[in-house]
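Colleague: here is my input, please return the structure:
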Amino acid sequence: QVLVTAPSNVAVDQLTEKIAATGLRVVRLASKTREATASSVDHLCLHIMTPLAAGDEYKKLQRLKDEVGELTERDQRKYMA
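Modeller: Numbering: from 1, shown residues only. Model prediction:
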């Protein structure tokens, strides 16, 4: 496993494309604020791949989150510990 970083999102996108072109398996991680921005490597982004791989289970979890809302800070600390 290799972690590749770059000083800008454009540079990370370009590195992702080039590495994927070699045949290596690549997963691009994007910040939450970047998820809404389309790029040429969307198909390699974790936030795109996860719902596709999880299928119906992801949709159920998303509906539950929409109904219940986000975790409180207290619950986040409890479950992240």
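Colleague: measure how buried residue 71 is and give me the count.
Modeller: 13 (other C-beta atoms under 10 Å). From N, CA and C alone the C-beta is placed, and that goes for glycine too.
Colleague: report pLDDT for it.
Modeller: pLDDT, residue 71: 77.
Colleague: pretty sure it is touching residue 79, no?
Modeller: Yes: between residue 71 and residue 79 there is a contact under C-beta atoms under 8 Å: 7.1 Å.
Colleague: give me the neighbour count for residue 32.
Modeller: As a burial measure, residue 32 scores 7 neighbours (other C-beta under 10 Å).
Colleague: state the distance from it to residue 23.
Modeller: Relative to residue 23, residue 32 is positioned 30 Å away (C-beta to C-beta, to the nearest Å).
Colleague: just residue 59 next, same as before
Modeller: 32 Å.
Colleague: contacts for stretch 61-75 next, please.
Modeller: Stretch 61-75 is contacted by residues 51, 54, 79 when judged by C-beta atoms under 8 Å, 6 or more residues apart in numbering.
Colleague: tell me the SS of the last one?
Modeller: Under the three-state scheme (DSSP: H, G, I helix; E, B strand; the rest coil), the conformation of residue 79 reads as helix.
Colleague: who touches it in this structure?
Modeller: residue 71.
Colleague: ok so, going back, of residue 59 and residue 23, who's got more company?
Modeller: residue 59 (11 against 7).
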